[in-house]
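In: Attaching a predicted model along with its sequence, questions to come.
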Amino acid sequence: MARYTGPKSKIARKFREPIFGPDKALEKKNYPPGQHGNTKKRAKQSEYAIQLLEKQKAKYTYGILEKQFARTFDKASRMPGVTGEVLLQLVESRLDNVVYRLGIAPTRRAARQLVSHAHITVNGGVVNIASFTLKPGDIVGVREKSQSMEAITTALSGAVNKFPWLDFDKNSMTGKFINRPERSQIPENIKEQLIVELYSK
């Protein structure tokens, strides 16, 4: 399964946001990496550079590589609605993202690992494809044999269901994907219109 395996703190510093979760390195050095990262005299970014940076931030945030992200954008552009919002709805509907949102895993990377190792079910059947797109009404759960795993129980002990498009039952370790979220409900700091403008060139 292709995924980004490089340094996380370096990427977080590049965007000046904890896109992979809490990061002590980012807290200490809240400026871009490199020998000129902490200087005030930085070259003004072009419009293209700003748009490209926003796309890269979205890719790293959701753990999607270039070709897959481009395919997702193409799918979003052919669906009814505002393309940028539909794009975010599609990536939010990915199985690994929903497992993370439900609190079954502390990070998207950990959620992806749970899915790929066949610990997660959809509508009662095991699904090990992280990019699997959920539909409204789908039930996501933890495989019965995996419910006692320390990584899962630890994550759920501090989990709070704070997303209105998801409903989770801690006792049965199952969650319902009620519907695709509205843009205002998605907390990620992503300017999706810049991504649309980049792909429209």
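Out: Looks like it came in fine.

In: lowest confidence element among the helices and strands of the chain?
Out: The helix or strand of the chain with the lowest confidence, counting by mean pLDDT, DSSP states H and E, is helix 24-28 at a mean of 54.

In: Heading C-terminal from that one, find the next helix or strand.
Out: helix 47-62 (DSSP states H and E).

In: name the helices or strands packed onto that next one?
Out: Helices and strands touching helix 47-62, by 3 or more Cβ pairs under 8 Å, 6 or more residues apart in numbering; DSSP states H and E, are helix 8-15, helix 66-77, helix 192-199. Glycine gets a C-beta too; all of them are placed from N, C-alpha and C.

In: average pLDDT for it?
Out: If you average the pLDDT over helix 47-62, you get 92.

In: go on, stretch 153-169?
Out: 89.

In: burial measure for residue 178, as a count.
Out: Neighbours of residue 178 under the rule other Cβ atoms under 10 Å: 14.

In: Report the contact partners of it.
Out: 136, 137, 164, 165, 166, 167 (Cβ atoms under 8 Å, 6 or more residues apart in numbering).

In: out of those, what pair is the most spread apart?
Out: The most widely separated members of the contacts of residue 178, counting by Cβ to Cβ, are 137 and 164 (15.4 Å).

In: Break the chain into its domains for me.
Out: Using automatic domain parsing, the domains assigned to the chain come out as 8-90+187-199, 95-179.

In: which residue is nearest the middle of the protein?
Out: In the chain, the C-alpha nearest the mean C-alpha coordinate belongs to residue 62, at 2.9 Å (Cα atoms, centre = their mean).
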